[in-house]
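[1] Show me how the following folds:
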Amino acid sequence: GTTVTMASSTRNAGLVCLLTLAAQSIALSNAAKIAKTKPNIVFILSDDLGYGDYSISPDVHGDFRVPTPNIARLAASGTKFLRGYSGQVCAPSRCMLITGRHLGHCTVRGNDGAYTPLLATDISVAKVLKRAGYHTGIVGKWGEGNFGTSGYPLAQGFDYYVGQDTQVGCHDWYPLQVCNNSDHSVINVDADLDFTTCLGDSATCTWANDLDKTLGVQFIADAAKRPEPFFLYLSTTTPHAGFLHGHGTRPTFYAADWPVAFPYNQRFLNETAQPWNNAERQFAAATWAQDVMVGAVLDQLEASNIRSNTLVFFSGDNGPAQCAPVFDSPGPFRGMKRSLHEGGIRQTIVASWPGVIASGASTRVLFSFYDFLPTAADFAGLPKSEWGPTDGVSVKASLLAETVDDARAMPSESDAPRYLYWEFCHYGAVNGQLKQMYQDGWVQAVRWDDNATEHETEWKAILSNRNTSSFLLYNLTADVSESVPLLMDGTSSDPAAVRARDVILAFMQEAHVEDPYWKSSQNYSDRCCASCFTPGGCKAPCKFFPNATTPQRAPNSPTPPAVTVADIVSGDWTTPTGSVQVRARNEDTVEITSTTASGIAVSHGRIVVASDGMSATLMMGGGDSTTGTIRHRREQKVVDVEYLYNVDSLEMTWEEQIEPSWTKTLRITSAGEV
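    The predicted model follows:
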């Protein structure tokens with residue numbers, strides 16, 4: 001009895017084991033068959049989303065993280081690269097992603113894609129995927145070349161583009177118009193919007209990120225009906241700081257750098273876990289809105305019945321631009337956006353293809369933005385000869401491996417050691433929650449896993465202005481926050497550190513190719529080119545880039561009408577107690593209506609404007625009148641550390657103080673570099 005029972009149990013266990021192995025074999029076989037097909041490819045790129053800003057990154061110790069259930073849903077259906085690396089700031093990071101080159105070779109090495117747009121000779125991921133028969137599209141932020149240049153998306157292999165081509169333009173979250181393929185489309189009725197109605201539930205204006213979500217989803221729905229596979233690059237501007245060019249009374253929850261649209265702006269108004277201010281609430285709302293966009297993409301893929309044949313990537317484009325302790329945005333890392341410390345370049349990157357890539361998995365395989373192009377090309381079935389020049393490697397084999405949690409699984413195209421490289425010119429310290437450890441100026445950084453040691457060492461090195469005596473070397477395996485430099489004056493008694501220094505210095509010399517438009521530094525006194533920015537010309541040591549021609553007006557864009565004197569004062573003005581609406585009646589007469597702080601509209605008569613536009617007469621309803629003086633005023637506003645804007649406004653000062661002074665914002669224009 002007992003023996004028979006045990007034997008029966010053994011046979012049953014063996015049968016279960018055989019059936020399990022058979023099922024696994026069939027699953028792997030099916031996955032291998034699916035993997036041979038050309039998947040649709042979607043890359044969702046968030047703007048200024050730090051390592052700790054979304055709820056899938058490990059080792060984040062903040063008191064609160066914004067819930068991102070859709071990003072978590074994506075991660076649960078795929079594999080997380082725990083050692084994912086982006087660029088350090090918007091434009092160069094995107095250059096890495098799009099061209100598969102590191103920053104020693106990229107055309108756009110500083111944060112100014114309008115200064116040096118991608119060249120016609122650059123090989124983009126869209127051009128490569130076109131070779132494999134893909135239909136290609138981008139929705140949202142571009143930043144690698146303005147309309148009319150060789151860097152514009154339609155000149156870089158994309159069949160479809162709607163969005164904002166310049167990163168400076170992307171600061172305007174509610175633009176008057178956006179690029180629409182080879183034309184422009186108006187998306188907001190006025191460049192000057194009403195704060196209350198625009199940010200309220202009446203939906204009187206269009207948030208660029210809502211447009212990105214809608215058109216990204218529509219691209220997927222349309223592309224799913226086509227016979228060929230598609231590639232969509234969905235590049236949002238959340239949670240990057242932006243502005244709303246508006247007038248009128250601001251809502252009580254308003255935050256100048258995050259004028260988030262309804263209903264997202266309501267999400268954290270009652271957050272009581274911390275004494276949050278408006279900026280923190282609306283930053284959280286912008287992050288949550290990004291998660292909603294990811295959910296909309298996944299929902300559409302499922303609705304179109306193509307989720308099982310679509311490879312989806314998600315990442316932030318660089319480290320966080322803000323480091324509020326409540327969010328722990330940089331996580332355990334030093335630095336933030338623009339820093340070459342880990343906090344400026346580290347991301348948790350997700351890749352998901354249900355049934356093909358392991359679900360709910362994590363890998364320590366290195367994955368850099370410039371690995372995306374060769375990886376996408378490899379999944380598209382293109383031989384390496386069709387990939388074009390690239391500094392990256394394909395991680396397809398690692399993603400398809402039965403065991404992905406292997407730090408040594410990265411395939412190599414040669415016997416040459418694998419390292420990651422960045423370079424960047426920036427003046428001024430970039431301190432996150434932990435301060436910058438290197439000298440500002442022209443900086444190089446390298447990540448290298450030394451597999452020759454008994455226990456693999458994750459080396460990170462930073463060199464400023466070619467000064468080897470200040471060479472910083474960190475062992476990230478033991479010191480992820482880059483707090484303990486292992487070299488003093490460039491030397492060490494540790495032979496492993498000395499070896500790493502020598503190897504990495506050789507990597508840095510090999511990786512950097514001098515570019516006359518992105519001048520490097522020989523020492524701290526020898527200034528490097530950080531960016532151009534300045535409209536009408538570049539400051540030394542930057543220089544004029546001949547291919548960056550002034551973008552022409554889109555073919556079908558209307559010519560703006562001539563401005564009359566009445567137009568100067570027409571529009572919406574603000575006063576200390578409310579607002580004033582001025583509407584043109586004819587060339588020199590306008591009618592006005594004022595709104596008090598309590599919201600009561602009162603008819604006020606009319607204004608007669610002098611022909612020189614410098615003075616006006618206010619005709620009161622009771623026959624009284626007063627004369628006012630119109631003055632132009634210019635103030636400057638800094639956005640995102642290095643972008644300087646001119647805020648032009650008019651001020652109407654009335655004599656005898658019958659009326660309080662009126663002010664009206666005319667325009668916000670780029671003023672160049674800070």
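[2] Which residue comes closest to Ile187 once chain neighbours are left out?
    Using C-beta to C-beta, 6 or more residues apart in numbering and skipping the chain neighbours, the partner closest in space to Ile187 is Thr206 (4.6 Å). Every residue, glycine included, has its C-beta placed from N, CA and C.
[3] in terms of contact, does that neighbour touch Asn188 like I think?
    Yes: between Thr206 and Asn188 a contact is recorded at 5.6 Å, counting by C-beta atoms under 8 Å.
[4] what's the overlap in contacts for those two?
    Jointly contacting Thr206 and Asn188 under the rule C-beta atoms under 8 Å, 6 or more residues apart in numbering are Tyr174.
[5] I'd like to know how far the residue nearest to Ile187 sits from Gly145.
    Distance, Thr206 to Gly145, using C-beta to C-beta, to the nearest Å: 24 Å.
[6] Comparing the two, which residue is more hemmed in?
    Shown here are Thr206 and Gly145; by other C-beta atoms under 10 Å, Gly145 has more neighbours (29 against 20).
[7] Can you give me the separation between that one and Gly52?
    32 Å.
[8] Leu119 now?
    For Leu119 relative to Gly52 (C-beta to C-beta), the value is 36 Å.
[9] Look at these two and report which has more neighbours.
    More crowded of Leu119 and Gly52, by other C-beta under 10 Å: Gly52, with 27 against 16.
[10] mind listing what the more buried one touches?
    Neighbours of Gly52 in contact, by C-beta under 8 Å, 6+ apart: 60, 62, 65, 320, 327-331.
[11] That one in helix, strand or coil?
    Here Gly52 is coil, with the state taken from DSSP: H, G, I helix; E, B strand; the rest coil.
[12] From Asp317, how far out is it?
    In terms of C-beta to C-beta, Gly52 sits 15 Å off from Asp317.
[13] Count residues in the vicinity of Asp59, would you?
    12.
[14] Is it inside a helix or a strand, and which specific one?
    Following DSSP states H and E, one finds Asp59 outside all helices and strands.
[15] What's the per-residue pLDDT of the spatially closest residue to it that is not a sequence neighbour here?
    Using C-beta to C-beta, 6+ apart and skipping residues adjacent in sequence, the residue nearest Asp59 is Pro332, 4.9 Å away. Note on Pro332: pLDDT of 93.
[16] what's the burial count for Lys543?
    Count around Lys543 with other C-beta under 10 Å applied: 16.
[17] mind listing what it touches?
    516-517, 529.
[18] can you pull out the strands in the stretch 551-674 of the chain?
    Taking DSSP state E, counting those that start in this stretch as the criterion, the stretch 551-674 of the chain contains strands spanning 571-575, 578-584, 589-595, 601-609, 615-619, 625-639, 643-654, 662-673.
[19] what about the residue lying closest to Pro67 once chain neighbours are set aside, neighbour count?
    Spatially, and ignoring its direct neighbours in sequence, Pro67 is nearest to Ser55 (6.0 Å; C-beta to C-beta, 6+ apart). Residues near Ser55, counting by other C-beta under 10 Å, number 16.
[20] And for the one 10 residues further on?
    When neighbours are defined as other C-beta under 10 Å, Arg65 has 20 of them.
[21] doesn't Asp53 make contact with it?
    Yes: Arg65 is within contact range of Asp53, at 7.5 Å (criterion: C-beta under 8 Å).
[22] shared neighbours of these two, anything?
    Shared contacts of Arg65 and Asp53, counting by C-beta under 8 Å, 6+ apart, come down to Phe327.
[23] So which residues of the protein form helices?
    Along the chain, counting by DSSP state H, helices occupy 2-35, 69-76, 90-99, 125-131, 195-198, 208-223, 278-303, 342-345, 372-379, 396-400, 495-511, 565-569.
[24] For those helices, give me CSV that also has mean neighbour count, distance to Tyr115 and mean pLDDT.
    Below are the helices of the chain laid out as CSV (neighbours: other C-beta atoms under 10 Å; distance: least, C-beta to C-beta, whole Å; pLDDT from 0 to 100):
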stretch, mean neighbour count, distance to Tyr115, mean pLDDT
helix 2-35, 11, 41, 47
helix 69-76, 20, 33, 96
helix 90-99, 30, 9, 97
helix 125-131, 22, 22, 98
helix 195-198, 19, 32, 90
helix 208-223, 21, 23, 97
helix 278-303, 22, 27, 96
helix 342-345, 29, 21, 97
helix 372-379, 25, 23, 98
helix 396-400, 20, 35, 95
helix 495-511, 17, 22, 95
helix 565-569, 19, 34, 66
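[25] Now render those as CSV, adding distance to His245.
    CSV is the format used below for the helices of the chain (distance: least, C-beta to C-beta, whole Å):
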stretch, distance to His245
helix 2-35, 48
helix 69-76, 30
helix 90-99, 21
helix 125-131, 32
helix 195-198, 10
helix 208-223, 13
helix 278-303, 17
helix 342-345, 30
helix 372-379, 34
helix 396-400, 44
helix 495-511, 42
helix 565-569, 17
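[26] if I look at the closest residue to Tyr643 other than its chain neighbours, how far off is Tyr160?
    Spatial nearest neighbour of Tyr643, chain neighbours left out: Val168 (6.2 Å); criterion: C-beta to C-beta, 6+ apart. Noted for Val168: a distance of 23 Å to Tyr160, by C-beta to C-beta.
[27] count of neighbours near the nearest residue to Gly110 once chain neighbours are set aside?
    Nearest residue to Gly110 in three dimensions, chain neighbours excluded: Ser531, at 4.3 Å (C-beta to C-beta, 6+ apart). Ser531 has 27 neighbours, counted by other C-beta under 10 Å.
[28] quick one, what contacts Ser531?
    110-112, 115, 542, 642, 673.
[29] Show the model's pLDDT score for the closest residue in space to Asn180 that isn't next to it in sequence.
    Counting by C-beta to C-beta, 6+ apart, Asn180 lies nearest to Val162, which is 5.3 Å off, once chain neighbours are set aside. Val162 carries a pLDDT value of 97.
[30] Any chance of the contacts of Gly52 in a markdown table with distance to Phe379 as columns?
    Shown next, in a markdown table, are these (distance: C-beta to C-beta, whole Å):
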| residue | distance to Phe379 |
| --- | --- |
| Val60 | 30 |
| Gly62 | 35 |
| Arg65 | 31 |
| Pro320 | 30 |
| Phe327 | 34 |
| Asp328 | 34 |
| Ser329 | 31 |
| Pro330 | 31 |
| Gly331 | 29 |
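[31] can you pick the most crowded of the residues you listed?
    Among these, Ser329 has more neighbours than the rest - 32 neighbours, counting by other C-beta under 10 Å.
[32] For Gly140, see how far away Leu232 is.
    10 Å.
[33] Mutual contacts of these two, please.
    Joint contacts of Leu232 and Gly140 (C-beta under 8 Å, 6+ apart) are Gly216.
[34] Can you give me the distance of Gly628 to Arg606?
    13 Å.
[35] same question, Leu97
    Distance from Leu97 to Arg606, by C-beta to C-beta: 56 Å.
[36] Fine by me, thanks again.
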